[in-house]
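A.B. asks: Provided below for reference: sequence and predicted model.
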Amino acid sequence: MELLRFATAGSVDDGKSTLIGRLLYDTKSIFEDQLESIERTSRDRGDEQTNLALLTDGLRAEREQGITIDVAYRYFATPKRKFIIADTPGHIQYTRNMVTGASTANLALILVDARNGLVEQSRRHAFIASLLRVPHLVLCVNKMDLVDYDENVFNEIKAEFRHFATKLDIADLTFVPVSALHGDNIVHRSANMPWYDGTSLLHHLEEVHIASDRNLIDARFPVQYVIRPQAQTNHDLHDYRGYAGTVAGGVLKAGDEVVVLPSGLTTRIDGIDTADGPVAEAFAPMSVTIRLADDIDVSRGDMICRLHNQPRVTQDLDAMVCWLSDQPLHVRGMYAVKHTTRSVRAQVRDLTYRIDVNSLHRDESATSLELNDIGRVSLRTTQPLFIDEYRRNRTTGSFLLIDESTGATVGAGMLL
Amino acid sequence: MTAHVYELSHLEALEAEAIHIFREVAAEFERPVLLFSGGKDSVVMLHLAAKAFWPARIPFPVMHVDTGHNFPEVLDFRDATVERLGVRLVVASVEESIATGRVRERPDGVRNPLQTVTLLDAISAGGYDAVFGGARRDEEKARAKERVFSFRDEFGQWDPKNQRPELWSLYNGRHHRGEHIRVFPLSNWTELDIWQYLATENIELPTIYFAHQREVFRRDNMWLAVSEFTAPREGEEVTTLTVRYRTVGDIPVTGAVESTAASYDDVIAETAATRLTERGATRADDRLSEAAMEDRKREGYF
């Protein structure tokens, strides 16, 4: 059974929380006491119906305000797949949360209110999903019950979105007309929409092909930790030296000729170990331990890859950055950068433009990025990094910008 | 996992993610410690830690915050596990905190809320900068927004507004002296995942997790065990039932559920069909108020 992570984005009013509540409820992933608890809260608040949205409201502050803040992770499973939902609010002030939730997502689910059609927020969410290179996108046209389940309404929204999506880089796009409140097309196909010939949302989530979304071509192994037991009692272990890490791309096999960056020294993979025994090959996202044939110096932050397929070794970064901090980005400022297992310092060279996430227009006169802004930034690092374009590999193409004095994560970067 | 199909099962993916987290913390922190209670989540967590550093030993100690109200079966299990894995055990004792006046025994005798002080004192005394905990996000509403790396200030307090965004698999553990982080490698695991993993890996658990006979009485809609710490009050009838525990907390606050599940398969079937959450069914300490867990996290409990 596979694992699928999907991000949901939508505002308070377009029914996203109800949709999630419905998914959890209809797959029997909600427990009785949780349901009782929200029934009680709904009654206390004077809501007319049990508000399934309350299932996803956790913190006291947000229960009081009736909105959700921050990324919340929900879990459910069917016999076919296990799902992790990164649930994020829709407002523009929470762009950073959507970026966070979308970063690990295989799929993005965008909700639209059938009565309103595409609004600024839907476009913004689609843009973010595209920027974060979420491989699959589903547009759920919700509240179909309020437009009499009209096929024309659905088709119009579909056409409008398709037109908008031509400006974005979206590989796989699906449209589903639903009513989260009544359950139409969420788990089961709706009897109210016989004109719809697609599958229910859940069926799509269970079947969408995600195995090919990873980069299985460019071998990338960032060394994370060096394992050296040096046990005197066990002779076999005395000389053991393994380079532990999580495969970031490609397929590595025992016997492969490899090169270690930054030294450029070449060697062969002697073996790939796990606690359950050696494996013949390793691929993303396996966490393994690599033994090399030669006794060369390898440490955390180095990268193992193939001689004829190496990442770019560079100190000049050109990236789309989402600003996550309420302290604005300082051009000429110094930041810490974390890229795979490597930490370096960097100076921001230039802010090329800030992008308006609603209009997609570029503002080249921008001099800074504020919280929730997205812009194109160039940086110069103190040490070389081993990078790929984010579009080619989301692991070796991404990095964090960190404030050196507070330690806070202030920016999320995607390499161009 | 076959060689030619480059896919991982959900358990393999969760395992790989947890191992990645252990290694990242070991690499970037000076003195990690792993909270081990003998409960199923901490057992899985320790098992994963052992895998992460294999064939070397786990490079940090385990700590048990001992309220003094444990199931004896769990204590035995703890000791046996620690010896088998060759890890150092640090016991932080709530009783000692009471004896030295750091905390005061509550009138209701419930010791869970007191653990916070003992835990914080032990973290401070040991100079630990990263504390692994077995918490999962599905356990409770207030945990849905927890990050894998959870930042606490010098008082161990958690401010939901002050946590760091976690993107991709990049974890930023930078911190100031005197601060520590809590790390939750099991964040994305559900109760069912835990049981499935225990079964798949054939991991041993304390016997109380499986059906056994026990003298219990009913209080606050739960079956509580008759023990040296919990005596039934007048009107509370003692009966012998076949029960098991879904979660391991202190004897006075942990409810048993009626069950005949004697094997992993049985437990998994029961868990998949169950209608009550793990904590809802069996933990009195969460019922104190609706935002109980949130309040206790702010205080630094977990």
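C.D. replies: That came through, no problem.
A.B. asks: where does chain B have its least confident helix or strand?
C.D. replies: Least confident helix or strand of chain B, by mean pLDDT, DSSP states H and E, is helix B:292-298 with a mean of 55.
A.B. asks: need the contact list for residue A:204.
C.D. replies: A:138, A:174, A:176, A:198 (C-beta atoms under 8 Å, 6 or more residues apart in numbering or on different chains). (Glycine included, C-beta is placed from N, CA and C.)
A.B. asks: Looking at those, which one is closest to residue B:35?
C.D. replies: Distance to residue B:35 across the contacts of residue A:204 (C-beta to C-beta) is lowest for residue A:138, with 39.2 Å.
A.B. asks: for that closest one, what are its contacts?
C.D. replies: A:107-110, A:173-176, A:201, A:204.
A.B. asks: coming back round to it: is it possible to mark the buried ones in the contacts of residue A:204?
C.D. replies: Burial by neighbour count, 16 or more other C-beta atoms under 10 Å in any protein chain shown: within the contacts of residue A:204 this picks out A:138, A:174, A:176.
A.B. asks: Name the helix or strand for residue A:157, please.
C.D. replies: Residue A:157 is part of helix A:151-165 when elements are defined by DSSP states H and E.
A.B. asks: Beyond that helix, next helix or strand please.
C.D. replies: Sequence order places strand A:172-177 as the next helix or strand after helix A:151-165, per DSSP H and E.
A.B. asks: packing partners for that next one?
C.D. replies: strand A:136-142, helix A:151-165, helix A:201-207 (3 or more C-beta pairs under 8 Å, 6 or more residues apart in numbering or on different chains; DSSP states H and E).
A.B. asks: one more time with 6 Å
C.D. replies: Under the contact definition 3 or more C-beta pairs under 6 Å, 6 or more residues apart in numbering or on different chains; DSSP states H and E, strand A:172-177 sits against strand A:136-142.
A.B. asks: for the record, mean pLDDT for the strand it packs on?
C.D. replies: Mean pLDDT, strand A:136-142: 96.
A.B. asks: Figure out how far it is from the centre of its chain.
C.D. replies: 17 Å (C-alpha atoms, centre = their mean, to the nearest Å).
A.B. asks: got it, and stretch A:90-101?
C.D. replies: Centroid displacement of stretch A:90-101 relative to its chain, using C-alpha atoms, centre = their mean, is 12 Å.
A.B. asks: Contacts for that stretch next, please.
C.D. replies: Residues from elsewhere that reach stretch A:90-101, judged by C-beta atoms under 6 Å, 6 or more residues apart in numbering or on different chains: A:7, A:9-11, A:70-71, A:86, A:88, A:121, A:128, A:322, A:324, A:372, A:412, B:165, B:167.
A.B. asks: In that stretch, which residues are buried?
C.D. replies: Result for stretch A:90-101 [16+ other C-beta under 10 Å]: buried residues A:90-91, A:94-101.
A.B. asks: Can you redo the residues you listed as JSON lines, where the extra columns are secondary structure, pLDDT and distance to residue A:182?
C.D. replies: Formatted as JSON lines, those follow (DSSP: H, G, I helix; E, B strand; the rest coil; pLDDT from 0 to 100; distance: C-beta to C-beta, whole Å):
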{"residue": "A:90", "secondary structure": "coil", "pLDDT": "72", "distance to residue A:182": "22"}
{"residue": "A:91", "secondary structure": "coil", "pLDDT": "73", "distance to residue A:182": "26"}
{"residue": "A:94", "secondary structure": "helix", "pLDDT": "80", "distance to residue A:182": "28"}
{"residue": "A:95", "secondary structure": "helix", "pLDDT": "87", "distance to residue A:182": "31"}
{"residue": "A:96", "secondary structure": "helix", "pLDDT": "88", "distance to residue A:182": "33"}
{"residue": "A:97", "secondary structure": "helix", "pLDDT": "88", "distance to residue A:182": "28"}
{"residue": "A:98", "secondary structure": "helix", "pLDDT": "91", "distance to residue A:182": "27"}
{"residue": "A:99", "secondary structure": "helix", "pLDDT": "93", "distance to residue A:182": "32"}
{"residue": "A:100", "secondary structure": "helix", "pLDDT": "93", "distance to residue A:182": "31"}
{"residue": "A:101", "secondary structure": "helix", "pLDDT": "94", "distance to residue A:182": "27"}
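A.B. asks: Tell me the one of these nearest chain B?
C.D. replies: The shortest approach to chain B among the buried residues of stretch A:90-101 belongs to residue A:100, at 4.6 Å (C-beta to the nearest C-beta).
A.B. asks: who in the stretch 1-150 of chain B is up against chain A?
C.D. replies: The stretch 1-150 of chain B comes close to chain A at residues B:3, B:6-7, B:9-10, B:13, B:16, B:19-20, B:23, B:26-27, B:51, B:54-56, B:137-138, B:141-142, B:144-145, as judged by C-beta under 6 Å from any C-beta of the partner chain.
A.B. asks: Just the buried ones from those residues?
C.D. replies: Among these, those classed as buried by 16+ other C-beta under 10 Å are B:6, B:10, B:13, B:16, B:19-20, B:23, B:26-27, B:51, B:54-56, B:137-138, B:141-142, B:144-145.
A.B. asks: So which of these belong to helices?
C.D. replies: B:10, B:13, B:16, B:19-20, B:23, B:26-27, B:51 (DSSP state H).
A.B. asks: Mind telling me the two of those residues farthest from one another?
C.D. replies: That would be B:10 and B:27, which, of these, are the farthest apart (C-beta to C-beta) at 26.1 Å.
A.B. asks: just the strands in the stretch 151-300 of chain A please.
C.D. replies: If DSSP state E, counting those that start in this stretch is used as the criterion, the strands of the stretch 151-300 of chain A fall at A:172-177, A:220-222, A:225-227, A:242-246, A:251-253, A:257-261, A:265-274, A:277-279, A:281-283, A:287-292.
A.B. asks: okay, now residue A:234: neighbour count?
C.D. replies: A count of neighbours around residue A:234, defined by other C-beta atoms under 10 Å in any protein chain shown, yields 11.
A.B. asks: and residue 83, what is it in contact with?
C.D. replies: You didn't say which chain, so I picked chain A. Contacts of residue A:83 by C-beta under 6 Å, 6+ apart are A:4, A:76.
A.B. asks: about what we covered before: highest neighbour count among the contacts of residue A:138?
C.D. replies: That'd be residue A:109 among the contacts of residue A:138, by other C-beta under 10 Å, with 29 neighbours.
A.B. asks: Can you check my assumption that that one lies in a strand?
C.D. replies: Yes: assessed by DSSP: H, G, I helix; E, B strand; the rest coil, residue A:109 belongs to a strand.
A.B. asks: hang on, isn't it packed against residue A:10?
C.D. replies: No: applying C-beta atoms under 6 Å as the test, residue A:109 and residue A:10 come out as separate, 8.3 Å apart.
A.B. asks: Residue numbers of the stretch 201-350 of chain A in contact with chain B?
C.D. replies: Proximity of the stretch 201-350 of chain A to chain B, by C-beta under 6 Å from any C-beta, involves residues A:211, A:216, A:224-225, A:227, A:229, A:237, A:244, A:246, A:275, A:280-281, A:283, A:285-287, A:300, A:324, A:338.
A.B. asks: give me that answer again for 8 Å
C.D. replies: Contact residues, the stretch 201-350 of chain A versus chain B (C-beta under 8 Å from any C-beta of the partner chain): A:211, A:214, A:216, A:224-225, A:227-229, A:231, A:237, A:240, A:242, A:244-246, A:251, A:273-276, A:279-281, A:283, A:285-287, A:289, A:300, A:324, A:336, A:338, A:340-341.
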